[in-house]
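>>> Got a predicted structure plus its sequence, pasted below:
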Amino acid sequence: MAMKRSTKTTIFLILLSFIAFGTFVPVFASLPSSPFSHRNGHRSHPNKKVSRKFEISNDMFWKDGQPFRIIGGDLHYFRVLPEYWEDRLLKAKALGLNTIQTYVPWNLHESKPGNLVFEGIANIEAFLKLCHKLDLLVMVRAGPYICAEWDLGGFPAWLLAINPSPNLRSSDPSFLQLVDRWWGNLLPKLVPLLYDNGGPIIMVQVENEYGSYGNDKAYLHHLVNLARGHLGQDVILYTTDGGARENLEKGTIRGDAVFSAVDFTTGDDPWPIFKLQKEFNAPGKSPPLSAEFYTGWLTHWGEKIARTDADFTAAALEKILQKNGSAVLYMAHGGTNFGFYNGANTGQDEADYKPDLTSYDYDAPIRESGDVDNTKFNALRKVIARYSSATLPSVPFSNEKTGYGPIHLQRKAFLFDMFDLTNPINVIESENPLSMESVGQMFGFLLYISEYTAKRGRSILSVPKVHDRAQVFISCPSEESGARPTYVGTLERWLNNELILPETECPSNINLFILVENMGHVNYGTFIFDRKGILSSVYVNGETLHGWKMLPIPFHNLNEVPSSNPIMQDAFSAFNKISLPHKRVIHKSENSSEEPALYSGHFSIDESRPVKDTYLSFNNWGKGIAFVNEFNLGRYWPSRGPQCNLYVPAPVLKHGDNTLVILELESPNPEHVVHTVDEPDFTCGSSEMKVHQL
C-alpha cells in the first residue's frame, strides 16, 4: 500500500496504490512447465509423508505432500452481508481461485473497549467455516493494522482517546498491551481452523506493509512471538511489503520464522521483484507470491471512478502464472463500505485529505453487487483456466436487480430540533473544543456550540484545524420564539478555509453551531493518528472563543444495534413520540432550508415478487447518510461524486413495507424523492480528474 501512495503524481499514485486483499478459491492449480508438466506433472515432496500439511520447501508451496500454486483473491467478510457470503465465494471459485484472503478489522469486532462482537457480519468463524465447506483455503491477515481502505486501518478509534496516546504500530508497551489483549481474543478462534487442525487457514499475516511505514523490528518480533504463542510453531506466518528493497528491509523478518511476500504495481515485471524477494527469505523458503495483485483501484470522493483494462490485467497475471508463480487478486470482490467504515488517504500533509467512497467496487472482477457478467471476470478466468489442474466450475448467474419505483419522502424533523441542550446527561461542556474520540463519538457527527458577541459589520470565523468537514450556523436566541439557525458556510479540512459571518442584529450574544462530520479516519501513511472534530481553538475576528458545549449525535454504525439509537428509533416511527421539549411542526415555507434534516419514506415489495437487490439514486440530493430498515447503507454525496447510487442488498429488504430514512445535510431534492433503480451509477460530480487506465 505504502509504496503506491507515496507518489507525487496522480497517475503514479494510482498505479502504486492497488492495495491489499486476496480471494483464493479452491481450484487446486497444478504448476505448468519445469519442474512440472503443464497439467499432470505433480510429484511428491522428497521424504515427505502424505498427511494434512501446508508448508514451504524448495521455493514452493506444498499441500499434503504435493506442490501447490496459490491462485487466490481478497474477499472481505465485513464488506459483504453474511447472507451473500456463499454467493460471492462460489463466484470466486468459478473465477478459478483456490484461496481466499481476508483482513480482520479490529474496530469491527471491538468498537468499544472490552465489548467484543463476533456475530452477524463480524462472525469471522462462520465465514472461515463456509470457505472450508466450499473447499477454499484461506489466508488470514490478522493485523492488528490492516489498512484496507478501512477506517483507521482497522484500529478502533477509541485508541485515539487514550491519554497518554499509545504510539500505534510500534513497540510502545501501552500499545502492545492492547494488541496482546485483542489477539488474545481473536487468535484462539483461529486455532481449530488452521489447516493442520483440519481447517482452511494455510497462512496468517502479521501487520501489513509495515516497511512502508516504520522500522521497529521489536514490534514485528513481538507480533510474531504473540502469534506463535497462540497458533503454534507450524502455521506459516507471513508479511507483505511493496517490492522495493527499502520496504523489504524495514518490513520483513529475515530467516525462516516468517515468510516474506511482496506486492507491486500490475504493470511491473514481476520476476525481478520475485528475485529480490528471495533475499529476504531463508534458502528454499521463497515461493514467488504476489500477495496483492491489483485487479483495479480505489476511488476517493471527487475523483472519476477508477478503471483498469481487463486484457492488460489478465496479461499481467499470466506473466506470474506462466512461470509457476502464485498470486492473490486484490480485489477478487470488493464489496461495500457500509456504515461509517470507509477509510481515507492523505497526500504530502494531513490537510490533503481524501475520503473513500461508500462503494468498494474496486473495478474487481466480481462487482460490488456480485455481478460476474463483465470483461474483466471473463479475461481473468480464461487465463486462470490455462493453469488449473481441474476444469473450472460453471459460472453462477449474476444476482437480479430491480427498481421498486420512486420513494417519496417527508421531512420529519430538523436535526437541531431533536436535541435538548439543557440536558447535562447528553451535553459535554469544556472551556475549549474537544475531539470526537475524547467525548466517546468514534464515528459520524458531533455538534459544537458556543457564542460570540454581536458587532457591526461582518465577522471572520477561523478554525485552523477541523477534521473533516464542518457546517456552520448562527442564530440570535433573543428573537421571539427563538430564531432558526442560519447556515453561513462549510469548512473543509482539505481547503483550510475561513468563513465570513454575516452581520446580525441581536441584543444578546449570537449562538454559533458547528456540525462536524467525521468523513473516515485516515487508514494509511504517517498521518494515521487522525483524531476527528475541532482540534484547535476557534477564532472570531482573531479572538478565541471559550465555553463550548458538545453534543454527540448517535447514528448507529454497521455493527451497532439500532435499538440503542433514540434518533433512529424516532425516525423509523415517523417521530410520533418525540419527547424533546422543542419539537416543532415544519412548514412548507421551510422546505428550501439548508439546515440538516431527517426525511422518511416507505416503499412496498409485493408478496408475489421476489425480493431483489436494488440501488437508491440520490441524484439532485446534496450529502448525507441513508438507512433502509435500520441498516446503515453509508454516505451519499452526488454533488461531489462520482458515486450517485447506494447499493441495497436484497437481505436488507423484506416483503411488505420497507422504510428509508436519510439525514440530508445540505440541499434536499426539491421533489423529496429517491428513485430505486437497477444499476450502479458513477457519473456524478464535476471532477476534472481523468479515469485511470492501466
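Cool, the structure landed.

>>> in the stretch 351-500 of the chain, which segments are predicted with low confidence?
Using pLDDT under 70 as the threshold, the predicted model of the stretch 351-500 of the chain has low-confidence ranges 479-482.

>>> Go again with 80.
By pLDDT under 80, the weakly predicted segments of the stretch 351-500 of the chain are 420-425, 478-483.

>>> Can you tell me the centre-most residue of the protein?
Of all residues in the chain, the one closest to the mean position by Cα atoms, centre = their mean is W150, 3.0 Å from it.

>>> Tell me how many other residues crowd the residue nearest to P610 when sequence neighbours are not counted.
In space, and not counting its chain neighbours, P610 is closest to E400: 7.7 Å by Cβ to Cβ, 6 or more residues apart in numbering. C-betas here are computed from N, CA, C, even on glycine. Neighbours of E400 under the rule other Cβ atoms under 10 Å: 11.

>>> Using neighbour counts, pick out the buried residues of stretch 97-113.
By neighbour count on 16 or more other Cβ atoms under 10 Å, the buried set for stretch 97-113 is 97-111.

>>> Next one: P283 from E431, what distance?
Separation of P283 from E431 (Cβ to Cβ, to the nearest Å): 63 Å.

>>> Can you tell me the closest non-neighbouring residue to the residue nearest to the centre of the chain?
With sequence-adjacent residues excluded and distances taken as Cβ to Cβ, 6+ apart, W150 is closest to G343, at 5.0 Å.

>>> Out of the buried residues of stretch 97-113, the closest to A483 would be?
The nearest member of these to A483, counting by Cβ to Cβ, is S111 at 37.6 Å.

>>> ok, now which ones touch that closest one?
When contacts are counted by Cβ atoms under 8 Å, 6 or more residues apart in numbering, S111 is found next to 117, 156, 158, 442, 557, 559-560.

>>> Which ones among these map onto helices?
Judged by DSSP state H, the subset of those located in helices is empty.

>>> Make a markdown table out of those and add distance to H602 and neighbour count.
Output for the contacts of S111, formatted as a markdown table (distance: Cβ to Cβ, whole Å; neighbours: other Cβ atoms under 10 Å):
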| residue | distance to H602 | neighbour count |
| --- | --- | --- |
| V117 | 30 | 16 |
| P156 | 35 | 24 |
| W158 | 36 | 17 |
| M442 | 31 | 24 |
| N557 | 24 | 19 |
| N559 | 26 | 21 |
| E560 | 24 | 19 |
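
>>> which one of those sits closest to N215?
Distance to N215 across the contacts of S111 (Cβ to Cβ) is lowest for P156, with 24.8 Å.

>>> Closest one to F631 out of the buried residues of stretch 97-113, please.
L108 (15.2 Å).

>>> helices or strands next to the strand or helix carrying the closest one in the packing?
Here L108, judged by DSSP states H and E, is contained in helix 106-109. Using 3 or more Cβ pairs under 8 Å, 6 or more residues apart in numbering; DSSP states H and E as the contact definition, the elements that helix 106-109 packs against are helix 173-190.

>>> Could I get the full set of helices for this protein?
2-5, 10-16, 85-95, 106-109, 124-133, 173-190, 217-231, 245-251, 270-278, 310-321, 375-385, 566-572.

>>> ok, residues contacting the fourth one?
Residues lying outside helix 106-109 but in contact with it, judged by Cβ under 8 Å, 6+ apart, are 78, 116-118, 121-122, 124, 143-144, 146, 150-152, 154-157, 182, 185-186, 341, 558-559.

>>> I'd like the distance between G339 and L558.
In terms of Cβ to Cβ, G339 sits 3 Å off from L558.

>>> Between those two, point out the one with more neighbours.
A direct count of neighbours by other Cβ under 10 Å for G339 and L558 places G339 higher, at 26 against 22.

>>> measure the more buried one to E350 for me?
Relative to E350, G339 is positioned 24 Å away (Cβ to Cβ).

>>> Likewise for I553?
Taking Cβ to Cβ as the criterion, I553 is separated from E350 by 24 Å.
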